[in-house]
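> here you go, sequence then predicted model.
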Amino acid sequence: MQAYKLNATIDESGHLIIDKPLNIAPGKVEVIILQPVPSLETSTESELEKPRRKSKVKAFEGLFENAPPTPPDFNPDEARWEALKEKHNL
């Protein structure tokens, strides 16, 4: 399958309007819609004042700042086992 990236608009009635004509062969296509999400500017100040996660590895210093927190019921051993089962088709 060939991929094309273009800009389009969804009108009030829910119709997809493509801004420019496409130079591709006629026929059936599959459409994937990616809609932008609101930026962090709309979040409250309490959300922006999250505690910083430290890293002992210099290359990872800023990597964990925007990472979501782990859920309270997260089990690392179970996650490893699930990854191994998927990797080795168990």
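Yes, it's here.
> need the helices for this protein, in chain order.
Counting by DSSP state H, the chain has helices at residues 45-48, 76-87.
> so where is the chain shaky, pLDDT-wise?
Low-confidence segments of the chain (pLDDT under 70): 39-53.
> that one: strands as residue ranges?
Secondary structure of the chain (DSSP state E): strands located at 8-10, 16-18.
> of these, which is nearest residue 76?
Checking those against residue 76 by CB to CB gives strand 8-10 as the closest, at 41.3 Å. In this view, the C-beta of every residue, glycine as well, is placed from N, C-alpha and C.
> direction included, what does that closest one pair up with?
Strand 8-10 sits in its sheet next to strand 16-18 (antiparallel), going by DSSP bridges.
> which other residues reach the strand it pairs with?
Residues from elsewhere that reach strand 16-18 (CB atoms under 8 Å, 6 or more residues apart in numbering): 6, 8, 9, 10, 11, 31, 33.
> and residue 90, what does it touch?
By CB under 8 Å, 6+ apart, residue 90 lies in contact with residue 84.
> how near is it to residue 84?
Per CB to CB, to the nearest Å, residue 90 is found 7 Å from residue 84.
> give me the number of residues near residue 87?
Residues within reach of residue 87, counting by other CB atoms under 10 Å, total 8.
> same check, this time on residue 61
Neighbour number of residue 61 under other CB under 10 Å is 13.
> which of the helices of the chain sits most buried?
Counting by mean count of other CB atoms under 10 Å, helix 76-87 has the highest mean neighbour count of the helices of the chain, with a mean of 10.
> for that one, C-alpha coordinates in PDB please.
What follows is helix 76-87, C-alpha atoms only, in PDB (Å, rounded to 0.1, in the frame of the first residue of the first chain):
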ATOM      1  CA  PRO A  76       7.200  -5.200  36.200                       C
ATOM      2  CA  ASP A  77       7.600  -9.000  36.400                       C
ATOM      3  CA  GLU A  78       4.200  -9.500  34.800                       C
ATOM      4  CA  ALA A  79       5.100  -7.000  32.100                       C
ATOM      5  CA  ARG A  80       8.400  -8.800  31.300                       C
ATOM      6  CA  TRP A  81       6.600 -12.100  31.100                       C
ATOM      7  CA  GLU A  82       4.000 -10.700  28.700                       C
ATOM      8  CA  ALA A  83       6.700  -9.200  26.500                       C
ATOM      9  CA  LEU A  84       8.600 -12.600  26.400                       C
ATOM     10  CA  LYS A  85       5.400 -14.500  25.600                       C
ATOM     11  CA  GLU A  86       4.700 -12.100  22.700                       C
ATOM     12  CA  LYS A  87       8.300 -12.200  21.500                       C
END
